[in-house]
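Visitor: What shape does this take:
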Amino acid sequence: MQYSFFAWPGRILNWLCGGRQDYRSFKQRKRTRAHRANQNICLLIWGAGAVLMLICGNGGCLLAIGLVATFVCFAMLDPS
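Guide: The predicted structure follows:
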């Protein structure tokens, strides 16, 4: 059986965390429609952040936009 190079990190993570309950619930949550919709919204947020970073190239702006985008995406994808 031949696996691509890009499949190995996922296979290693599955091997390391396979028996853990929190990993199983993470995998189940990742398959839901709501989580995938939130992932798409996060991609849009990061795309808008990238456009803003191109417009405002100041170091402080880059850091602030990156931190805000990261915080918003983590808050959206957090299950609790």
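Visitor: those helices in this protein, which residues are they?
Guide: Applying DSSP state H to the chain gives helices spanning 8-17, 21-30, 33-55, 59-77.
Visitor: would you list those in a markdown table and tack on mean pLDDT?
Guide: Shown next, in a markdown table, are the helices of the chain (pLDDT from 0 to 100):
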| stretch | mean pLDDT |
| --- | --- |
| helix 8-17 | 81 |
| helix 21-30 | 81 |
| helix 33-55 | 93 |
| helix 59-77 | 92 |
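Visitor: Pipe those helices into TSV and attach distance to residue 2 and mean neighbour count per row.
Guide: Quick note: C-beta positions are derived from backbone N, CA and C, even for glycine. Shown next, in TSV, are the helices of the chain (distance: least, C-beta to C-beta, whole Å; neighbours: other C-beta atoms under 10 Å):
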stretch	distance to residue 2	mean neighbour count
helix 8-17	12	10
helix 21-30	24	11
helix 33-55	28	13
helix 59-77	33	13
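Visitor: is it true that residue 76 touches residue 44?
Guide: No - between residue 76 and residue 44 there is no contact under C-beta atoms under 8 Å: 11.0 Å.
Visitor: Which residue is the nearest non-sequential neighbour of residue 38?
Guide: Among residues not flanking residue 38 along the chain, residue 76 sits closest, at 4.9 Å (C-beta to C-beta, 6 or more residues apart in numbering).
Visitor: where's that neighbour relative to residue 42, distance?
Guide: Plainly put, residue 76 is 6 Å away from residue 42 if you go by C-beta to C-beta, to the nearest Å.
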